[in-house]
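> Mind folding the following:
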Amino acid sequence: MKILVLNCGSSSLKFQLFDMQREDVLMKGLVEKIGSSRAMFTFSGRKGNPVRDVLEVPDHEKAVRLVMDVLVSAEHGVISSIAEVDAVGHRTVHGGEEFSGAALITPEVIEAMERCVPFAPLHNPANIIGIRMARKLMPDLPQVAVFDTAFHSRMPRASFLYGLPYEMYEKHGIRRYGFHGTSHGFVAGRAAELLGKPLSKLKLITCHLGNGSSIAAIDGGVSVDTSMGFTPLEGLVMGTRCGDLDPAVVGFIQEREKLGAQDVDSLMNKRSGLLGLSGVSNDMRELEEEAGRGSDRAQLALDIFCLRVRKYIGAYAAELGGLDGVVFTGGIGENAVRIRASILANLEHMGIKLDPEANAGRQPVISSGRVKVMVIPTNEELAISRETQDVVMALSRRAEGGGEDVERELAGLSLDERRELVLLWAESAEGDLATLAARVNHRLSRALSPAAVRLQLVKMGLVDGEERAR
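Sure, this is the predicted structure:
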């Protein structure tokens, strides 16, 4: 199965095409500065060398068309036709309480995503634009939304409610949602593989540390708490976000600095964190260099960052009632050797003992104590592709397991619907029967089992009784 993953931002579009048989990346790329006459399109395929082009990309429709064209281009393409793509997976930031897992995109699902726009006004509209364009340009493909918030949807109320009047939650949905869920879920699964134990038996703390950072407490594969809240602003000190803050500070700053609500929002999200504390940069590498040259404020920013992470690790270990492993991931978590060492300092009483050589050598396991500390690269695009595949296959399995007489399933097919089935079969050069059935059901808004689809193909003489769909 080949799956195209799209991550649509307000002025950008990232993509990766996966062959899920081996989970290989066939092509990946990025369209930047959408809406500009000098947009940047960068991509790389099997040859590995990136290709860059500057061109006019007036809107997201043009960006999606660029992706489709390069995938099949004579010079750079990795497939002969878009018909070889079996499904499209979309990264979607906020699913609110509407979604607890990935969802096959339908008009009803898009409506539910639009209801979540007030929770993520900068991200969800762009995600929805990308989805609409992909559905317009690839109408025959099953498309799946994968939500950053879904992994945290099973948090108990004691973890996700604020100390506000309960009606604020009931009326407005004000609660802690959490983010980076795709990353936290992915590295938790990899940690279980690395430890050779079932995820259902493990208590883990996963630290996604980058320009945006969050920590999750995971008990038996379930996120029971996480540092980000109603928005990604809560929690750790980040690149440009302030993290946890006494809410009274907001009104105080507004009054003293004569700022409006949008000005304060910009201050907390774009001019605070490591950048605001250091006055130098939000880049961890640059701060380490400045601290090495004697900058007191750069060192202070690093110390505050590490202290906040350490505090959350301690709090979540207490909340979990035990701890089997700590995972570092994200740009900082995977690469900042000295930052990891600083975070883990003085945690031996919790069973966390850093192995300096393993840490410096960037080994997968960097501890020697009872609690295993791991460095695991995240792969959110692969996680999205896996979830997309699961949704498509589950739809096919449900249809196949319905137990209905396949003849009865086919009895209601109109002539036009049979023609559509033939067209989809002809386009599915490498698709298996389950995938073909999923595409047929998506196109016809039906629930035909793979067995029924195969029987119809047999009746039309397109396959014989022993042959698969392709």
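> From now on I want contacts and neighbour counts done on CA atoms only, so please keep to that.
Noted.
> so which strand or helix has Arg38?
Taking DSSP states H and E as the criterion, Arg38 maps to strand 36-44.
> List the buried residues for that strand?
39-44 (16 or more other C-alpha atoms under 10 Å).
> Which residues does stretch 266-275 contact?
233, 237-243, 281-283, 301-302, 305 (C-alpha atoms under 8 Å, 6 or more residues apart in numbering).
> Quote the end-to-end distance of that stretch.
One end of stretch 266-275 to the other measures 13 Å (C-alpha to C-alpha, to the nearest Å).
> quick one: buried residues of it?
267-275.
> From the residues you listed, which land in helices?
267-270, 273-275 (DSSP state H).
> Would you enumerate the residues in contact with Ile34?
By C-alpha under 8 Å, 6+ apart, the residues touching Ile34 are 10-12, 57-60, 63.
> Mind doing that once more with 6 Å?
11-12, 57, 59 (C-alpha atoms under 6 Å, 6 or more residues apart in numbering).
> The residue nearest to Lys2 when sequence neighbours are not counted: neighbour count?
Using C-alpha to C-alpha, 6 or more residues apart in numbering and skipping residues adjacent in sequence, the residue nearest Lys2 is Asp19, 4.6 Å away. By other C-alpha atoms under 10 Å, the residues close to Asp19 number 17.
> Ramachandran coordinates for Asp19?
The phi/psi pair for Asp19 (degrees, to the nearest 10) reads phi -100, psi 110.
> Then the one 3 residues further on?
Torsion angles at Arg22 (phi, psi; degrees, to the nearest 10) stand at phi -120, psi 10.
> got a pLDDT number for it?
Looking at Arg22, its pLDDT is 91.
> And for Thr435?
73.
> Quick check: it is in a helix.
Yes - assessed by DSSP: H, G, I helix; E, B strand; the rest coil, Thr435 belongs to a helix.
> And the contacts of Ile34, which is closest to Asn211?
Ranked by distance to Asn211 (C-alpha to C-alpha), the contacts of Ile34 are led by Ser12 at 17.7 Å.
> Is the closest one in contact with Gly29, as I believe?
No - applying C-alpha atoms under 6 Å as the test, Ser12 and Gly29 come out as separate, 10.7 Å apart.
> For Thr378, grab the count of nearby residues.
23.
> Likewise for the one 10 residues further on?
Taking other C-alpha under 10 Å as the neighbour definition, Thr388 ends up with a count of 27.
> Over to the one 4 residues further on?
Here the neighbour count serves as a burial measure; for Val392 (other C-alpha under 10 Å) it reads 24.
> what about Ile384, helix or strand, and which?
Secondary structure (DSSP H and E) places Ile384 in helix 380-400.
> Please enumerate the strands of this protein.
2-8, 12-19, 24-32, 36-44, 51-57, 87-92, 103-104, 143-147, 203-208, 214-219, 222-226, 325-329, 372-375 (DSSP state E).
> Tabulate the contacts of Ile34 (CSV), appending distance to Asn127.
What follows is these, written out as CSV (distance: C-alpha to C-alpha, whole Å):
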residue, distance to Asn127
Ser11, 11
Ser12, 10
Val57, 17
Asp59, 13
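> so Val88 touches Gln143, yeah?
Yes - using C-alpha under 6 Å, Val88 is in contact with Gln143, at 4.6 Å.
> okay, and the common contacts of those two?
With C-alpha under 6 Å, 6+ apart as the test, Val88 and Gln143 reach no residue in common.
> returning to what we had before: any idea of the angle the strand holding Arg38 forms with strand 12-19?
For strand 36-44 against strand 12-19, the angle by axes from the mean of the first three to the mean of the last three C-alpha atoms, to 10 degrees is 20 degrees.
> Got the domain ranges for this structure?
What automatic domain parsing lists as the domains of the chain is 2-147, 201-347, 401-459.
> ok, the spatially most central residue of the chain - contacts?
Residue closest to the average C-alpha location in the chain (C-alpha atoms, centre = their mean): Thr182, at 4.2 Å. Each residue near Thr182 by C-alpha under 6 Å, 6+ apart is listed here: 148, 380.
> which regions of this structure lie under the pLDDT threshold?
Within the chain, the stretches with pLDDT under 70 are 396-406, 428-432, 434, 447, 464-470.
> Apply 50 and report the result again.
For the chain, the stretches with pLDDT under 50 are 402-403, 466-470.
> longest single helix anywhere in it?
Longest helix in the chain, counting by DSSP H: helix 296-320.
> Pull out the buried positions in that one.
Under the neighbour-count criterion of 16+ other C-alpha under 10 Å, helix 296-320 has 297-302, 304-310, 312-313, 316-317, 320 buried.
> residue contacts, Glu56?
Here Glu56 is in contact with 37-39 (C-alpha under 6 Å, 6+ apart).
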